[in-house]
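> Model the following, please.
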Amino acid sequence: MNNSKAASFTEFEIVGFLGLQEYKTPLFLGFLILFLITLTANLLILFFVAVDHRLHTPMYFFLWNLSLLDLLMTTAIIPKLLAVLLEINKKISFGGCFFQMYFIIAVGGSELFLVAAMAYDRYVAIVKPLQYNVIIDMKVCLSIAATVWIVGFLLPLVSITWASYLPFCGSNKILHCFCDYSAVVALTCTDVTLHANLAFSLAMLVIFIPFLFVLWSYYRIIISVVRLKTTASRTKAFSMCSSHLLVVLLYYLSTALFYIIFRTESISYEERIFIGGLNYFFTPMVNPLIYTLRNEKMKEAAKKYLNVYTLFQYGLQSSG
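This is a model prediction of the structure:
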């Protein structure tokens, strides 16, 4: 993706939160804590789902993939941001910047497709419970997951590669906390209308196709649940998809808030960047908390394996 001939420089400088420099220490500590919580929570989910046979079901398989994507999103942004906040290293190579940009967009797109796949899983579980094990077997799960990852990582490839060949002959300072597409393309010295239109079209494709599929899935789920005869049956059915529904709302509400804020003139540029950055950091931290706090099997796995670890540590200390 690197095209040094097209650029008059070989690296960018990530400015970060320019108007919040006086708060760089609390910002650093805040993002460090957020990073550690996100890292720990998602690694625990990856561990629990891998080792607990009770969690070897399609729903938890998709959750495992979601946690992995959340982990990748966080590690792609925050470590570099921490270095920028400490002013250790604000520089990023031309190729490194476009790779980060591509990776963030690809992971974000994959997450939206995966959320739609999880909606389909909940749809089959509630609307067609007797056929669930036939329709959603492990072979189907692997095919869906592979499609999600492949499509998510292929879609932005053309637009990002094309953008990397733009002539960058102005400032190399990226007015953002990472290599954001719009912030980087704004540094070019040529007309980028075609690039902007292509990027916008792909964004709408990645956002609205999964969203419409999620809406369709939950429409069918609601119709099916309403037809259930007893209140207990309805409560059980809704509880089966409540965690996923919260995650869906979190993804799309945060995305909608992000676009609204960027078009609100009363909010300063620095505040827009800060809130826009949180859109990428907050969701990966909250997702595992939603699934662990609202899911009995995850709670049981946490109690089982964390207690075993605690007892093991206690035994080592006693023997010492």
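> Show the low-confidence segments of this protein, by residue range.
For the chain, the stretches with pLDDT under 70 are 1-8, 20, 256, 258-272, 274-278, 293-294, 307-320.
> Tell me where it has strands.
11-14, 91-93, 173-174 (DSSP state E).
> got TSV for those, with mean neighbour count and distance to residue 227 too?
No exception for glycine: its C-beta is placed from N, CA and C like everyone else's. Below are the strands of the chain laid out as TSV (neighbours: other CB atoms under 10 Å; distance: least, CB to CB, whole Å):
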stretch	mean neighbour count	distance to residue 227
strand 11-14	20	54
strand 91-93	17	55
strand 173-174	18	53
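> Of all the ones you listed, which one is nearest residue 141?
Taking CB to CB, strand 91-93 is the member of these nearest to residue 141, at 36.7 Å.
> how close does residue 38 get to residue 289?
Using CB to CB, to the nearest Å, residue 38 is found at 10 Å from residue 289.
> Who has more neighbours out of those two?
residue 38 (26 against 13; other CB atoms under 10 Å).
> List the contacts of that one.
70-71, 74, 78, 281, 284-285, 288 (CB atoms under 8 Å, 6 or more residues apart in numbering).
> Which pair in the residues you listed has the greatest spatial separation?
78 and 288, at 15.7 Å, using CB to CB across the contacts of residue 38.
> circling back: now tabulate the strands of the chain in CSV and tack on distance to residue 64.
Converted to CSV, these look like this (distance: least, CB to CB, whole Å):
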stretch, distance to residue 64
strand 11-14, 32
strand 91-93, 31
strand 173-174, 33
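> For residue 134, find the nearest of the ones you listed.
Proximity to residue 134, assessed across the strands of the chain by CB to CB, is greatest for strand 91-93 (49.1 Å).
> I'd assumed residue 111 was in contact with residue 207.
No. The pair residue 207 / residue 111 is not scored as a contact, 11.1 Å apart, by CB atoms under 8 Å.
> More neighbours: those two, which one.
Shown here are residue 207 and residue 111; by other CB under 10 Å, residue 111 has more neighbours (25 against 18).
> Roughly how far does the more buried one sit from residue 11?
Distance, residue 111 to residue 11, by CB to CB: 29 Å.
> CA atoms only: put stretch 64-75 into PDB for me.
Taking C-alpha atoms only, stretch 64-75 is exported to PDB below (Å, rounded to 0.1, in the frame of the first residue of the first chain):
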ATOM      1  CA  TRP A  64     -15.600 -15.900  20.500                       C
ATOM      2  CA  ASN A  65     -15.200 -14.400  17.100                       C
ATOM      3  CA  LEU A  66     -16.700 -11.100  18.200                       C
ATOM      4  CA  SER A  67     -14.300 -10.900  21.200                       C
ATOM      5  CA  LEU A  68     -11.400 -11.600  18.900                       C
ATOM      6  CA  LEU A  69     -12.400  -8.800  16.600                       C
ATOM      7  CA  ASP A  70     -12.900  -6.400  19.600                       C
ATOM      8  CA  LEU A  71      -9.400  -7.400  20.700                       C
ATOM      9  CA  LEU A  72      -7.900  -6.700  17.300                       C
ATOM     10  CA  MET A  73      -9.700  -3.300  17.100                       C
ATOM     11  CA  THR A  74      -8.400  -2.200  20.500                       C
ATOM     12  CA  THR A  75      -4.800  -3.300  19.900                       C
END
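> any residues touching it, and which ones?
Outside stretch 64-75, the residues that touch it by CB under 8 Å, 6+ apart are 35, 38-39, 42-43, 45-46, 49-50, 103-104, 107-108, 110-111, 114-115, 118, 145, 148-149, 247, 280-281, 283-285, 287-288.
> Can you say which of those are buried?
Among these, the ones that count as buried by 16 or more other CB atoms under 10 Å are 35, 38-39, 42, 45-46, 49, 103-104, 107-108, 110-111, 114-115, 118, 145, 148-149, 247, 280-281, 283-285, 287-288.
> Please flag which of these sit within helices.
Applying DSSP state H to the buried ones among the contacts of stretch 64-75, the entries found in helices are 35, 38-39, 42, 45-46, 49, 103-104, 107-108, 110-111, 114-115, 118, 145, 148-149, 247, 280-281, 283-285, 287-288.
> So which residues of the stretch 51-200 of the chain form helices?
58-85, 94-127, 132-135, 138-154, 157-163, 181-185, 193-226 (DSSP state H, counting those that start in this stretch).
> what angle sits between the second one and helix 58-85?
Meaning helix 94-127. Using axes from the mean of the first three to the mean of the last three CA atoms, to 10 degrees, the direction of helix 94-127 lies 150 degrees away from that of helix 58-85.
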